[in-house]
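[1] Sequence and predicted model, in that order:
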Amino acid sequence: MLAATALINSVAVVPALLLLMIVLSVFAKQQATAWILRGLAVFTLLSVSMAPYLLQQNPQLADAWQTWWTGSALAVVPQWGIFAVALVLSMLHLWLLFTAKVGRWFQRKNNFNIMS
């Protein structure tokens, strides 16, 4: 839904196309998709963990962050609450992707090797 909305509005077209390709490869049970999603989860956890430090070190980035949240409904939520929820969600994402059941989902049952 997010990728379709981005494509319709012509905003972030390349990431939207990449997101659509990842969704299609999840349905195709591609092993590479599991690794891409795991790498994305690790990157998300690292970036959410580093965000408070980076905002503290760069005042211009902190000002841009504050003005970005000012117009939304999340402006009344404290920043530590936003980071806590984002951290919990990224840890949940990481935990889910490294479970054995999800790993088994990406194992293809069909063998298209005609020589075997």
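    Noted; the coordinates are in hand.
[2] from memory residue 96 sits against residue 102, does it?
    Yes. Counting by C-beta atoms under 8 Å, residue 102 is a contact partner of residue 96 at 6.2 Å. Bear in mind the C-beta positions are built from the backbone N, C-alpha and C, glycine included.
[3] Can you check which residues contact both of those two?
    Here residue 96 and residue 102 have no joint contacts, going by C-beta atoms under 8 Å, 6 or more residues apart in numbering.
[4] after the lowest-mean-pLDDT helix or strand in the chain, next one along is what?
    Sorting the helices and strands of the chain by mean pLDDT, DSSP states H and E puts helix 2-9 at the bottom, at a mean of 67. Scanning forward in sequence from helix 2-9 by DSSP states H and E, the next helix or strand is helix 13-27.
[5] List the buried residues for that next one?
    16, 19, 22, 25 (16 or more other C-beta atoms under 10 Å).
[6] which strands and helices sit next to that helix?
    Judged by 3 or more C-beta pairs under 8 Å, 6 or more residues apart in numbering; DSSP states H and E, the packing partners of helix 13-27 are helix 2-9, helix 31-57.
[7] Skip the chain neighbours and tell me the closest residue to residue 87.
    Distances taken as C-beta to C-beta, 6 or more residues apart in numbering put residue 48 closest to residue 87, at 5.2 Å, once the chain neighbours are dropped.
[8] number of nearby residues for the one you found?
    When neighbours are counted by other C-beta atoms under 10 Å, residue 48 registers 19.
[9] Now do the contacts for it.
    Residue 48 makes contacts with 83, 86-87, 90, as judged by C-beta under 8 Å, 6+ apart.
[10] what distance separates stretch 76-84 from the centre of its chain?
    19 Å (C-alpha atoms, centre = their mean, to the nearest Å).
[11] could you point out where the protein is predicted with low confidence?
    Filtered on pLDDT under 70, the chain yields the residue ranges 1-7, 11, 69, 71, 74, 108-116.
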